[in-house]
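Enquirer: Here's a sequence, model it:
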Amino acid sequence: MYWIAVDWGTTNFRAFLMRKDEIIDEVIGTEGILSVTENQFDVVLYRNIEHWLTSKGNLPILLAGMVGSQKGWYEVPYQEVPITAKGLAESLKELTTYWGSKAWIVPGIQNLSQYALPDVMRGEETQLLGLADSAATYAILPGTHSKHSVIFHGEIKTFTSFMTGELYSLLINSSMIGKGLPKQIDNEKYFLIGIEKSKENIPFTHLIFSARTKQLNKEIPAEFVGSYLSGILIGVELKNIECENKIWVITNESLGEKYIVAGKHFGLNMEYVSGNGCFLKGAFKLINQLGN
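Expert: Predicted coordinates:
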């Protein structure tokens, strides 16, 4: 069985030619949904996967991510958690492309966070479904809006979002903290200083200002300010976690390692797992629910 999995985000496009749960080929590009003009989503999709369709025919396509948002191809309503692969599959948006392939868009999910505030995710739900079915599992999906989720026997129970990645980008690129800084270089020493500072009972907006003042008084070299700030932001994200079991960090290896290092300073047992791998396993569960 051949099929195509597509992870279509705000700024990136990734497509995978699959044979059951095995990757045969992939396309990675920068044509995220914000670059698509005049609702030409099917045109952009076809341009990226035409070579597969030419050789394999009109394959079924599963699409996840922001492609199902208000600014995407079709808005697919958020579904309430708890939810399983079966429940999510029942809410897929089905369509037929202009060239004849059947396609399905995965909905996002919503809940009240652990702090009783409304919360949403779109795209990460497919990755969460890709984790091995087991007893209670705590998972973190770092990113622009980092997600913390609890899964139990394949059912997504709850999740909470943190604006860690977006705050870092805004502070480094669009604030006085980052103004005039040279290219940033990862530095573990200053990252860990930021982690340790995040543990202190310092008001958050005062704490992040220290990323500027410590550079002004030469405590932090200008090229390492980002590492210090990253330590603060990741530390603030992690410091209230109460979990004695293993925590899965679903991301790329580089970012996963930062979270694992930070987690050790909070007594957390973390292990990295491939974001791509989880996405494809989750997508395979969903396509199987459709009988393809």
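
Enquirer: alpha carbons only for contacts and neighbour counts from here, please
Expert: Will do.

Enquirer: Quick one: the helices in the stretch 1-150 of the chain, in order.
Expert: Taking DSSP state H, counting those that start in this stretch as the test, the helices found in the stretch 1-150 of the chain are 41-56, 85-89, 124-129.

Enquirer: and the last one, C-alpha only, in PDB?
Expert: Presented in PDB, the C-alpha positions along helix 124-129 are these (Å, rounded to 0.1, in the frame of the first residue of the first chain):
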ATOM      1  CA  GLU A 124       1.200  18.000  17.100                       C
ATOM      2  CA  GLU A 125      -1.800  15.700  17.700                       C
ATOM      3  CA  THR A 126      -0.600  13.500  14.900                       C
ATOM      4  CA  GLN A 127       2.900  13.300  16.500                       C
ATOM      5  CA  LEU A 128       1.400  12.400  19.900                       C
ATOM      6  CA  LEU A 129      -0.600   9.500  18.300                       C
END
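
Enquirer: what packs against it?
Expert: Secondary structure elements in contact with helix 124-129, counted by 3 or more C-alpha pairs under 8 Å, 6 or more residues apart in numbering; DSSP states H and E, are strand 155-162, helix 275-289.

Enquirer: Which residues outside the next helix or strand after the shortest one are in contact with it?
Expert: Taking DSSP states H and E as the definition, the helix or strand that follows strand 155-162 towards the C-terminus is helix 164-174. Residues outside helix 164-174 that contact it (C-alpha atoms under 8 Å, 6 or more residues apart in numbering) are 142-146, 177-179, 226, 229-230, 233-234, 237.

Enquirer: Among those, name the buried ones.
Expert: Neighbour-count burial (16 or more other C-alpha atoms under 10 Å) applied to the contacts of helix 164-174 gives 142, 143, 145, 146, 177, 178, 226, 229, 230, 233, 234, 237.

Enquirer: Next, the contact list for the second one, please.
Expert: It stands for residue 143. By C-alpha under 8 Å, 6+ apart, the neighbours of residue 143 are 164, 165, 166, 251.

Enquirer: Make sure residue 255 is indeed in a strand.
Expert: No: Residue 255 is assigned helix when assessed by DSSP: H, G, I helix; E, B strand; the rest coil, not a strand.

Enquirer: Model confidence for it, exactly?
Expert: pLDDT recorded at residue 255 is 95.

Enquirer: Also residue 39?
Expert: Reading off the model, residue 39 has pLDDT 88.

Enquirer: Phi first, then psi, for the spatially closest residue to it that is not a sequence neighbour.
Expert: What sits nearest to residue 39 in space, not counting adjacent residues and going by C-alpha to C-alpha, 6 or more residues apart in numbering, is residue 73, at 6.7 Å. Main-chain torsions, residue 73, degrees, to the nearest 10: phi -70, psi -50.

Enquirer: Residue 73: what's it in contact with?
Expert: 39, 41, 67.

Enquirer: re the thing from before, just the buried ones from the contacts of residue 143?
Expert: The buried subset of the contacts of residue 143 (16+ other C-alpha under 10 Å) comprises 164, 165, 251.

Enquirer: could those residues go into TSV alongside pLDDT?
Expert: Listed next are these as TSV, based on pLDDT from 0 to 100:
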residue	pLDDT
164	98
165	96
251	95
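
Enquirer: Which of those sits closest to residue 19?
Expert: Among the buried ones among the contacts of residue 143, residue 251 lies closest to residue 19 (C-alpha to C-alpha), at 23.3 Å.

Enquirer: Distance of residue 274 relative to residue 228?
Expert: 26 Å (C-alpha to C-alpha, to the nearest Å).

Enquirer: can you check residue 23 too?
Expert: 38 Å.

Enquirer: So between these two, which is more surrounded?
Expert: residue 228 (25 against 15; other C-alpha atoms under 10 Å).

Enquirer: so that one sits right up against residue 197, yeah?
Expert: No: counting by C-alpha atoms under 8 Å, residue 228 stays clear of residue 197, with 9.3 Å between them.

Enquirer: Just the buried residues of the contacts of residue 73.
Expert: 41, 67.

Enquirer: Same list, the contacts of residue 73, but as CSV with distance to residue 205 please.
Expert: CSV is the format used below for the contacts of residue 73 (distance: C-alpha to C-alpha, whole Å):
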residue, distance to residue 205
39, 40
41, 40
67, 34
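
Enquirer: between the contacts of residue 73, which is closest to residue 281?
Expert: Nearest member of the contacts of residue 73 to residue 281, counting by C-alpha to C-alpha, is residue 67, at 19.2 Å.

Enquirer: could you measure that closest one against residue 80, distance?
Expert: 19 Å.

Enquirer: go on, residue 4?
Expert: From residue 4 to residue 80 the distance is 26 Å (C-alpha to C-alpha).
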